[in-house]
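# Quick one: sequence plus predicted model below, questions after.
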Amino acid sequence: MNPRQIVQALLDSVQRGDFEKARFLVSNDCQFSGPVPELIRREAWMGINRNLQKAFPNLDYHFHVDRVDGLDGGTVKISAELKGTHNGVLDLSPLGLGVTPATHKSFATPHEHARVTIKGDKVASWVAEPIEGGRVMGILDQLGVTVPTM
């Protein structure tokens, strides 16, 4: 698969909740930054996305592959607009953000952009651009959840 296909397969797998396939597409030492307050690795990222889907059964990431950059085509620009309704328990304790019971409120993040780097045939890094009202913290704010101070 080429970089665009690898990233599209990852995005499709996450949207479907197929984390076994997603795990296969992401390198063991992959780093994710931006979507959550601290840099995280593959398993933490998978766990957060799994927990988001439990908390928001109708979660739609609205993922898009925007373009492929780099001389080797190894950088793929993506975008997303997450939307969902909080009808389940949201467990963000791995991030130090606690567990939140269902609020039954809906959220919609602003249009967010990220840069995904491919090395070999795996995703090696995912860097989300900071945006006001985006990411996990933006979701919590829209739900009216008070974030514990760290």
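Arrived safely, thanks for sending. Numbers count the residues shown, from 1 in each chain.

# What residues of the one helix or strand in the chain whose mean pLDDT sits lowest count as buried?
Taking mean pLDDT, DSSP states H and E as the measure, the helix or strand of the chain with the lowest value is strand 64-69, at a mean of 89. Neighbour-count burial for strand 64-69, with 16 or more other CB atoms under 10 Å as criterion, is recorded at 65, 68. All C-beta atoms are positioned from the backbone trio N, CA, C, and that covers glycine.

# neighbouring contacts of it?
The contact list for strand 64-69 (CB atoms under 8 Å, 6 or more residues apart in numbering) reads 3-4, 7-8, 11, 75-80, 113.

# Can you say which of those residues are buried?
Burial by neighbour count, 16+ other CB under 10 Å: within those this picks out 3, 7-8, 11, 75-78, 80, 113.

# Next, give me the two most distant ones among those residues.
Farthest pair in the buried ones among the contacts of strand 64-69 (CB to CB) is 3 and 80. Separation: 17.6 Å.

# My read is that residue 15 contacts residue 53, right?
No - with the criterion set as CB atoms under 8 Å, residue 15 and residue 53 do not qualify as a contacting pair; they are 9.2 Å apart.

# pretty sure residue 57 is in a strand, no?
No - with the criterion set as DSSP: H, G, I helix; E, B strand; the rest coil, the secondary structure at residue 57 is coil rather than a strand.

# what helix or strand is the nearest residue to it once chain neighbours are set aside on?
Leaving aside its chain neighbours, residue 57 sits nearest to residue 87 (5.7 Å; criterion: CB to CB, 6 or more residues apart in numbering). Here residue 87 sits in a region with no helix or strand, counting by DSSP states H and E.
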